[in-house]
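J.: Sequence isn't available, so here's the structure alone:
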C-alpha cells in the first residue's frame, strides 16, 4: 500500500488541503502529530487514514521507530513531508535519509530563521537593510544606536503569520517592544529591518530541478500597518508585464542565492521605487485560504503539485482557468467569549461565493487582532470580473456576525 507521511497539520488551510489532495491521488495518508488534541478529536480528520502520536516531532529517533512500525504493516512510504513550521526542513532531511525525493534541505533551513536568510542575502538588491540585536544589551543604548533608522521593523527571528512583527516609530514603542520580547522564553536576539513602503504581494514559488516557477502572484491588502494584519488577497495581482518580468528575475536571483534547486517556498515582496524588496520568505506554501484561492483563480491545486514534486513526479502549473479570486478575512474589535456566529448560511448565498469558513468554536475567547491568527473567518469569491469578486467577498463577509459575551 503506497502512503504519504505528513509531519503535523493544521485543522484547516493548506496543510489540511494537502492531506485531502493525497487521498484524492489515491494514497494512504499517515499523520504524525504531537498534539494530543488531534488524537482526541480523531473523528474530525476522516481524510487521515492513520494518526500516530509522537510526543516530540523534533526527535528523529522516535520518528524512525514509528516509521519502522509502518513498514512492518506492509505500507510503502512514497513521500515524507510537512507543510507546517517548524517541520518542513526536518521532513526534507528525513525524506533524503529514507531514499525518497530529495529537496534542497539546506535552503529550507536558511528560510526557517529570518536572521539566517537575511545574512545569506546581505547586500542583495532586493534585501532591506537589517541588524541583529541582542536582548541582553541595554534597550536604551540599543535605541540610540539605531534611532537614525526610524521607522523600522522589529521581529522575532522565528515569527510567522505577522506574530511578533512590530513597526517601531519612536523610542517609547522600541522600549515597549524590547520589554515584550524579553518576556518570551528562549528568545535572545531580535531582527531589526528597514521599513519598506509600497504595495505588498504574496508570491508562491515552486522550483523543479532548478527551474523557478511563480505559481501565484497575489496582492495583499493590509488593514493594520502597525501589526501587518492582512485582510484581503487578490489573485491574480494587477501587475504590468514589465513588473511581473522584473519580479520573476528578482525571485530567481533570491532563490539562487539561498540554494533552492528543488522545493517550494513563498515570499512576501513590496514593490518600491527602487525595485522589488523581500519582506519575508518561508519554506512552504502559505497557509490558511491561499491554496483554495489559487484553485478558484486558476484551477491549480498547489498542494497537489507540491506532493507531486515530493513524489518525484512532473508538476503542472499551467492554469486551467483564468478568473479573479478574492479572499476577505474577518477580524473583530474588543474581546469576549464567543456565544454564537450568525450569517454563515446567508453569506453562502451571495453570488460568486465559493467558500465560507469560520474558525472559532462556541466558548472560544476572541480578541482584536495582534497577529493573523486573530482572523476568525474568511470568504472566497471568484468571477471573470475583478471588482465583482472583491465586492461579493466583502458583501458576504458583512453578513457574518460574532456574538460575544464580555469578559
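T.: In hand now; what should we look at? Keep in mind that this is a model prediction, so the values were computed, not measured.
J.: ok, residue 152 to residue 252 distance?
T.: Separation of residue 152 from residue 252 (Cβ to Cβ, to the nearest Å): 28 Å. Any C-beta I mention is one placed from the backbone N, CA and C, and that applies to glycine too.
J.: So which of these two has more stuff around it?
T.: Each of residue 152 and residue 252 has its neighbours counted (other Cβ atoms under 10 Å); residue 152 has more, 20 against 16.
J.: Return the backbone torsion pair for the more buried one.
T.: phi -140, psi 170 (degrees, to the nearest 10).
J.: Residue 153 contacts residue 192, correct?
T.: Yes - between residue 153 and residue 192 there is a contact at 7.0 Å, judged by Cβ atoms under 8 Å.
J.: Show me where the stretch 251-400 of the chain has its helices.
T.: 290-298, 302-311, 344-348, 386-398 (DSSP state H, counting those that start in this stretch).
J.: who's in contact with the first one?
T.: Residues from elsewhere that reach helix 290-298, judged by Cβ atoms under 8 Å, 6 or more residues apart in numbering: 13-14, 17-18, 202, 204, 215-216, 218, 233, 235-236, 266, 285, 300-303, 319-327, 354-355, 380, 382.
J.: follow-up on the earlier one: can I get the helices of the stretch 251-400 of the chain in JSON lines including mean neighbour count?
T.: Output for these, formatted as JSON lines (neighbours: other Cβ atoms under 10 Å):
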{"stretch": "helix 290-298", "mean neighbour count": "24"}
{"stretch": "helix 302-311", "mean neighbour count": "23"}
{"stretch": "helix 344-348", "mean neighbour count": "15"}
{"stretch": "helix 386-398", "mean neighbour count": "20"}
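J.: Of all those helices, which one is nearest residue 9?
T.: Ranking these by distance to residue 9, with Cβ to Cβ as the measure, places helix 302-311 first at 11.1 Å.
J.: That closest one versus helix 290-298: what angle between them?
T.: For helix 302-311 against helix 290-298, the angle by axes from the mean of the first three to the mean of the last three Cα atoms, to 10 degrees is 110 degrees.
J.: who does helix 302-311 touch, helix- and strand-wise?
T.: Contacts defined by 3 or more Cβ pairs under 8 Å, 6 or more residues apart in numbering; DSSP states H and E place helix 302-311 against helix 14-24, strand 76-81, strand 200-208, strand 211-224, strand 263-272, helix 290-298.
J.: Can you name every helix or strand that the third one contacts?
T.: Judged by 3+ Cβ pairs under 8 Å, 6+ apart, the packing partners of strand 200-208 are strand 211-224, helix 241-258, strand 263-272, helix 290-298, helix 302-311.
J.: Show the average pLDDT along it.
T.: Across strand 200-208, pLDDT averages out at 98.
J.: and what of the fifth one?
T.: In this model, strand 263-272 has a mean pLDDT of 97.
J.: Mind giving me the packing neighbours of it?
T.: Looks like strand 263-272 contacts helix 105-112, strand 200-208, helix 241-258, strand 275-282, helix 302-311 (3+ Cβ pairs under 8 Å, 6+ apart).
J.: Of those, which is nearest residue 30?
T.: Judging the helices and strands packed on strand 263-272 by Cβ to Cβ, what sits closest to residue 30 is helix 302-311, at 13.6 Å.
J.: follow-up on the earlier one: which among the contacts of helix 290-298 count as buried?
T.: Among the contacts of helix 290-298, those scoring as buried are 13-14, 17-18, 202, 204, 215-216, 218, 233, 235-236, 266, 285, 300-303, 323-327, 354-355, 380, 382 (criterion: 16 or more other Cβ atoms under 10 Å).
J.: I figured residue 91 was touching residue 84, is that so?
T.: No - look at residue 91 against residue 84 with Cβ under 8 Å: they stay out of range, at 9.2 Å.
J.: neighbour-wise, which of these two wins?
T.: Per other Cβ under 10 Å, whichever of residue 91 and residue 84 has more neighbours is residue 91, with 28 against 20.
J.: Spatially nearest residue to the more buried one, not counting backbone neighbours?
T.: Closest residue in space to residue 91, ignoring its immediate chain neighbours: residue 82 at 4.0 Å, by Cβ to Cβ, 6 or more residues apart in numbering.
J.: Point out where this protein drops to low pLDDT.
T.: Applying pLDDT under 70 to the chain flags residues 159-162, 224-226.
J.: How is it divided into domains?
T.: Split into domains by automatic domain parsing, the chain comes to 2-100, 129-194, 200-406.
J.: Tell me which of those approaches residue 121 most closely.
T.: Distance to residue 121, taken as Cβ to Cβ, is lowest for domain 200-406 among those, at 5.8 Å.
J.: And that closest one, end to end?
T.: 35 Å (Cα to Cα, to the nearest Å).
J.: ok, now stretch 192-207?
T.: In stretch 192-207, first residue to last residue: 29 Å (Cα to Cα).
J.: Pull out the buried residues from that stretch.
T.: Of the residues in stretch 192-207, 192, 193, 195, 196, 200, 201, 202, 203, 204, 205, 206, 207 count as buried by neighbour count, 16+ other Cβ under 10 Å.
J.: Any idea what the second one is bridged to?
T.: Residue 193 forms beta bridges with residue 130, residue 153, as assigned by DSSP bridges.
J.: residue contacts, it?
T.: Applying Cβ under 8 Å, 6+ apart to residue 193 gives the contacts 118, 128, 129, 130, 152, 153, 155.
J.: 10 Å - rerun?
T.: Residues near residue 193 by Cβ atoms under 10 Å, 6 or more residues apart in numbering: 114, 118, 127-131, 149, 152-155, 165, 279-280.
J.: Also residue 74?
T.: residue 1 are the contacts of residue 74 under Cβ under 10 Å, 6+ apart.
J.: Please, which helix or strand holds it?
T.: Residue 74 is part of no helix or strand when elements are defined by DSSP states H and E.
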